[in-house]
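Trainee: Provide a 3D model corresponding to the input given below.
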Amino acid sequence: MSHISEVVPTRRFERISAHSHIRGLGLKDGKALPVADGMVGQIEAREAAGIVVRMIKEGKMAGRGILLVGPPGTGKTAIAIAIARELGRDTPFVALSAAEIYSAEIKKTEVLMQAMRKAIGVRIREVRKVYEGMVTDMNIDFTKHPYNPYQQIPRSVRITLKTKSEEKTLRADATVAYQLISQGVEIGDVIWIDAETGRVTKVGKCEEAPTIGTYDITSEEKVPMPRGPILKEKEFVHTVTLHNLDEMQTRAGQGLLSLLFGGGTREISSEVRQRVDETVREWVDEGRAEIIPGVLFIDDVHMLDIEAFSFLSRAMESELAPIIILATNRGITTIRGTDIKSPHGIPLDLLDRLLIIRTRPYTEDEIKEILKIRAKEEKVELEDEALEYLTKIGAQFSLRYAVQLLTPAKEVAMLEGRKRVSVKDVERVRSLFVDITQSVEYIKQYEEKFLK
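Mentor: This next block holds a predicted model:
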């Protein structure tokens with residue numbers, strides 16, 4: 001089935017996550033800049049992470065992991081993402097909360113194994129027909145989710161590509177639309193779209209792309225405007241994960257229904273993984289592929305039990321293992337599944353293998369810089385007084401709470417016909433959306449009326 005057709009040509013859809021502004025650790029000659037690559041403050045932690053990145057690149061992290069320790073909202077996830085960004089654009093990054101492994105329908109060791117396989121990439125090289133060009137227009141059409149009417153999902157996309165020789169508008173299906181969203185493709189980006197499979201590769205920001213604003217936080221690689229026709233043969237480099245290959249191998253041996261509907265989350269046999277590993281080794285030996293160890297980030301690691309910790313200890317010794325980064329905000333606590341108390345709820349033998357990095361609470365000036373970056377990323381125009389007010393909220397309550405108020409405040413301003421967010425808008429959304437402290441006080445006030 002063709003994924004792409006040509007059309008003669010707008011609502012833009014942009015996927016903005018909590019850490020979409022993170023581009024790297026923001027280091028220069030190993031020293032952390034106050035504000036760079038979307039990172040603010042945490043000087044010691046970022047410089048320590050920079051040393052870890054150099055160790056990884058030199059192959060000196062075998063048998064070791066990283067533990068990020070600090071209060072909630074101090075940038076532990078951001079540092080883990082930044083490490084992955086520093087390792088390269090195609091480096092897989094998998095984030096997992098320790099609680100997730102107990103809510104899955106499969107064994108917890110299988111959840112961890114699948115997460116590890118998702119964090120190991122395989123870069124494959126092929127010569128294929130692709131559409132290549134700078135994106136000059138992109139309109140994504142949405143429809144209601146078949147199982148959730150309150151959620152919208154991409155249905156199709158119309159995208160216009162341009163080279164020095166020609167300009168062409170293509171219509172593509174949901175497969176391409178999902179990839180454009182997940183890779184954060186914007187107007188001005190140079191991309192490749194596989195003519196047969198619809199696989200999207202984001203090459204970089206075009207040198208001739210229009211610039212928006214003066215405060216650039218993207219620091220994306222600049223690439224020249226493509227030459228020649230839009231449809232051409234190129235060496236197509238794309239990255240899949242070992243888990244992707246495991247699933248493809250599993251489905252290949254099953255019936256039609258499994259191929260159509262996927263069959264849901266299930267355990268993958270060791271025989272399938274062994275076959276995949278053998279195939280990948282052949283590709284590597286032939287020069288058709290290379291292995292890209294990624295980052296597996298496990299938050300709230302104190303919630304893992306002794307069996308899961310044993311699995312991680314063995315995994316760190318494996319020849320084919322991702323960089324394992326753990327994070328916690330706990331002190332001395334009981335190791336789950338035992339009656340033994342230990343620092344951060346982690347067995348001492350595993351702690352001995354971890355490089356521990358501290359994160360500290362942000363200062364008021366750092367909170368202001370982070371809010372400015374998030375406002376830029378979420379395209380929220382703030383009046384100076386509104387920024388000051390949000391900064392005080394972040395310092396008094398939490399940075400996360402202040403960041404969460406940005407987009408609701410923008411919506412309130414738009415309802416009143418204004419583009420810039422004022423203090424009045426922030427006060428309005430603050431009265432509607434309370435922070436955790438206010439929520440707890442409310443519960444205490446009406447404690448006898450709540451279920452226990």
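Trainee: what packs against the longest strand seen in the chain?
Mentor: What stands out as the longest strand in the chain, according to DSSP state E, is strand 120-145. Other elements packing on strand 120-145 under the criterion 3 or more Cβ pairs under 8 Å, 6 or more residues apart in numbering; DSSP states H and E are strand 148-162, strand 167-173, helix 174-182, strand 189-194, strand 231-241, helix 242-252, helix 270-286, strand 289-293. For every residue, glycine as well, the C-beta is placed using N, CA and C.
Trainee: looking at the ones you listed, which is nearest to Asp37?
Mentor: In terms of Cβ to Cβ, the element of these nearest to Asp37 is strand 189-194, at 18.4 Å.
Trainee: angle of the next helix or strand after that closest one against strand 167-173?
Mentor: On the C-terminal side of strand 189-194, the nearest following helix or strand under DSSP states H and E is strand 200-206. Between strand 200-206 and strand 167-173, the angle comes out at 150 degrees (axes from the mean of the first three to the mean of the last three Cα atoms, to 10 degrees).
Trainee: show me what strand 200-206 pairs with in its sheet, parallel or antiparallel.
Mentor: According to DSSP bridges, strand 200-206 forms sheet pairs with strand 189-194 (antiparallel), strand 222-223 (parallel).
Trainee: mean neighbour count, those strands: which tops it?
Mentor: strand 189-194 (a mean of 23; mean count of other Cβ atoms under 10 Å).
Trainee: extract the CA atoms of that one and return them as PDB.
Mentor: This file holds the C-alpha atoms of strand 189-194, laid out as PDB (Å, rounded to 0.1, in the frame of the first residue of the first chain):
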ATOM      1  CA  ASP A 189      13.600  21.300   8.200                       C
ATOM      2  CA  VAL A 190      15.200  19.100   5.600                       C
ATOM      3  CA  ILE A 191      13.700  15.600   5.600                       C
ATOM      4  CA  TRP A 192      13.700  12.400   3.700                       C
ATOM      5  CA  ILE A 193      10.500  10.300   3.200                       C
ATOM      6  CA  ASP A 194      10.900   6.700   2.000                       C
END
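Trainee: ok, and what's touching that strand?
Mentor: 4, 128-135, 161, 170, 172, 176, 180, 185, 199-206, 209, 223, 225-226, 234, 236, 238 (Cβ atoms under 8 Å, 6 or more residues apart in numbering).
Trainee: what mean pLDDT would you report for it?
Mentor: For strand 189-194, the mean per-residue pLDDT is 87.
Trainee: and the angle for it with helix 174-182?
Mentor: Going by the same axes, to 10 degrees, strand 189-194 makes 150 degrees with helix 174-182.
Trainee: what's the nearest residue to Asp137 if we skip its chain neighbours?
Mentor: Excluding the flanking residues, the one nearest Asp137 by Cβ to Cβ, 6 or more residues apart in numbering is Thr160, at 4.0 Å.
Trainee: let me fix that: Gly70
Mentor: Thr359 (3.2 Å).
Trainee: where does the prediction get shaky in the stretch 251-400 of the chain?
Mentor: Scanning the stretch 251-400 of the chain for pLDDT under 70 picks out 252-266.
Trainee: now stretch 357-375: buried residues?
Mentor: 357, 359, 361-362, 366-375 (16 or more other Cβ atoms under 10 Å).
Trainee: which other residues reach that stretch?
Mentor: In contact with stretch 357-375 (Cβ under 8 Å, 6+ apart) are residues 21, 34-35, 38, 40-42, 44-45, 48-49, 52, 66-71, 73-76, 79, 215, 217, 380-382, 387-388, 390-392, 394-395, 399, 402-403, 406.
Trainee: one more time with 7 Å
Mentor: Residues from elsewhere that reach stretch 357-375, judged by Cβ atoms under 7 Å, 6 or more residues apart in numbering: 21, 35, 38, 40-42, 44-45, 48-49, 66, 68-71, 74-76, 79, 217, 382, 387, 390-391, 394-395, 399, 402-403, 406.
Trainee: return the members of these classed as buried.
Mentor: 21, 35, 38, 40-42, 45, 48-49, 66, 68-70, 74-76, 79, 217, 382, 387, 390-391, 394-395, 399, 402-403, 406.
Trainee: hang on, Leu68 in a strand?
Mentor: Yes: in this structure, Leu68 lies within a strand as judged by DSSP: H, G, I helix; E, B strand; the rest coil.
Trainee: distance of it from His145?
Mentor: Going from Leu68 to His145 by Cβ to Cβ, to the nearest Å gives 34 Å.
Trainee: same question, Ile83
Mentor: Distance from Ile83 to His145, by Cβ to Cβ: 34 Å.
Trainee: now Gly26
Mentor: When Cβ to Cβ is applied, the distance between Gly26 and His145 equals 37 Å.
Trainee: of those two, which one has the most company?
Mentor: Gly26 (23 against 11; other Cβ atoms under 10 Å).
Trainee: apart from its neighbours in sequence, what residue is nearest that one?
Mentor: Ala36 (3.0 Å).
Trainee: same deal with Thr334?
Mentor: The nearest residue in space to Thr334 (Cβ to Cβ, 6+ apart) is Lys341, at 5.3 Å.
Trainee: I'd say the one you found and Gly331 touch.
Mentor: No: when contacts are counted by Cβ atoms under 7 Å, Lys341 is not listed as touching Gly331 (10.0 Å).
Trainee: what about Glu233, neighbour count?
Mentor: Using other Cβ under 10 Å, the number of residues around Glu233 comes to 10.
Trainee: that one contacts Val127, correct?
Mentor: Yes: counting by Cβ under 7 Å, Glu233 does reach Val127; the two are 6.1 Å apart.
Trainee: quote the end-to-end distance of stretch 409-423.
Mentor: 9 Å (Cα to Cα, to the nearest Å).
Trainee: circling back: in strands only, show me the contacts of stretch 357-375.
Mentor: Filtering these for strands - DSSP E - leaves 35, 40, 66, 68-69, 382.
Trainee: residues in contact with the residue lying closest to Ser398 once chain neighbours are set aside?
Mentor: Leaving aside its sequence neighbours, Ser398 sits nearest to Gly73 (Cβ to Cβ, 6+ apart; 5.2 Å). Taking Cβ under 7 Å, 6+ apart, we find Gly73 in contact with 398-400.
Trainee: so which of those is the closest to Gln249?
Mentor: Arg400 (40.5 Å).
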